[in-house]
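J.: everything below, folded, please.
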Amino acid sequence: MALDKYIRIVPDFPKEGIVFKDITPLLLDPEGRKECLTMLLSSLHSKKIDKVIGVESRGFFFGMLLAEALQVGFIPVRKPKKLPFTTISASYDLEYGTDALEIHTDAIQKGDRVLIHDDVLATGGTAKAVCELVEQLGGEIVQLNFLMEIPFLKGRDKIKNYEIFAAMQ
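T.: The predicted structure follows:
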């Protein structure tokens with residue numbers, strides 16, 4: 001099944017010149033979700049994973065499904081001031097500005113093997129920031145998983161030291 005048929009292209013969102021890849025059609029379709037989850041899990045055979053991170057906010061959808069399928073804990077990584085406990089933060093550049101992400105300081109224990117999931121690998125800034133958070137807490141990154149990758153933005157270059165899987169390009 002070609003997952004790209006479930007991705008809606010929205011020009012000039014969130015600002016002029018940006019071409020947004022909308023995953024809500026994929027979320028609406030049970031067969032599409034199932035196929036996508038199967039593809040994401042296919043890259044994880046024989047890998048030991050202790051926790052799955054879902055990156056705000058679209059990484060939460062499949063991040064939680066991955067954690068459930070793997071029977072491991074789920075960690076939400078959120079934008080500033082959204083998590084209620086003690087956090088650490090990492091800032092990053094994205095294609096239309098700058099932002100930051102936070103994680104609870106007790107979410108990862110030293111040596112935890114972590115799968116990071118987000119919807120899109122674009123410039124790689126978000127993924128790099130999450131890697132920094134995981135490693136700052138003593139976690140080991142097993143893999144970065146994405147629904148899709150936009151290759152011409154060269155996001156892989158920022159996270160080239162990690163194993164990367166994208167269900168579609």
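J.: how about low-confidence regions in this protein?
T.: For the chain, the stretches with pLDDT under 70 are 1, 94-96.
J.: for it, which segments are assigned as strands?
T.: For the chain, the strands defined by DSSP state E cover 8-11, 19-22, 51-55, 73-77, 87-94, 97-104, 113-121, 140-149, 164-168.
J.: can you list contacts of the first one?
T.: The list of residues contacting strand 8-11 from outside it, by CB atoms under 8 Å, 6 or more residues apart in numbering, reads 19, 20, 21, 22, 24, 25. To be clear about C-beta, it is placed using only N, CA and C from the backbone, and glycine gets the same treatment.
J.: which residues sit against stretch 120-131?
T.: Residues contacting stretch 120-131 (CB under 8 Å, 6+ apart): 21, 53, 55, 58, 77, 90-95, 99-101, 103, 116, 118, 141, 144, 146-150, 153-159, 162, 164, 166.
J.: ok, now stretch 40-52?
T.: Contacts for stretch 40-52 (CB under 8 Å, 6+ apart): 62-64, 66-67, 69-70, 72-75, 107-108, 112-117, 139, 142-143, 145, 147, 165, 167.
J.: buried ones among those residues?
T.: Among the contacts of stretch 40-52, those classed as buried by 16 or more other CB atoms under 10 Å are 62-63, 66-67, 70, 72, 74-75, 107-108, 112-117, 139, 142-143, 145, 147, 165, 167.
J.: who's in contact with the spatially most central residue of the chain?
T.: Residue closest to the mean C-alpha point of the chain, counted by CA atoms, centre = their mean, is residue 118 at 1.6 Å. Shown in contact with residue 118 (CB under 8 Å, 6+ apart): 54, 55, 58, 59, 63, 126, 127, 130, 144, 145, 146, 147.
J.: name the nearest residue to the fifth one, ignoring sequence neighbours.
T.: The shortest distance from residue 63 to any residue that is not its chain neighbour, by CB to CB, 6 or more residues apart in numbering, is 2.4 Å, and that residue is residue 54.
J.: cool, the second one as well?
T.: Once flanking residues are discounted, residue 55 sits nearest to residue 118: 4.1 Å by CB to CB, 6+ apart.
J.: look up how far residue 164 lies from the one you found.
T.: 11 Å (CB to CB, to the nearest Å).
J.: list the residues that contact both of the two?
T.: The contact lists of residue 118 and residue 164 share 144, 146, where a contact means CB under 8 Å, 6+ apart.
J.: thought residue 148 was touching residue 39, still the case?
T.: No - Residue 39 is not in contact with residue 148 according to CB atoms under 8 Å; the separation is 10.9 Å.
J.: and the two? which has more neighbours close in?
T.: Shown here are residue 39 and residue 148; by other CB atoms under 10 Å, residue 148 has more neighbours (21 against 17).
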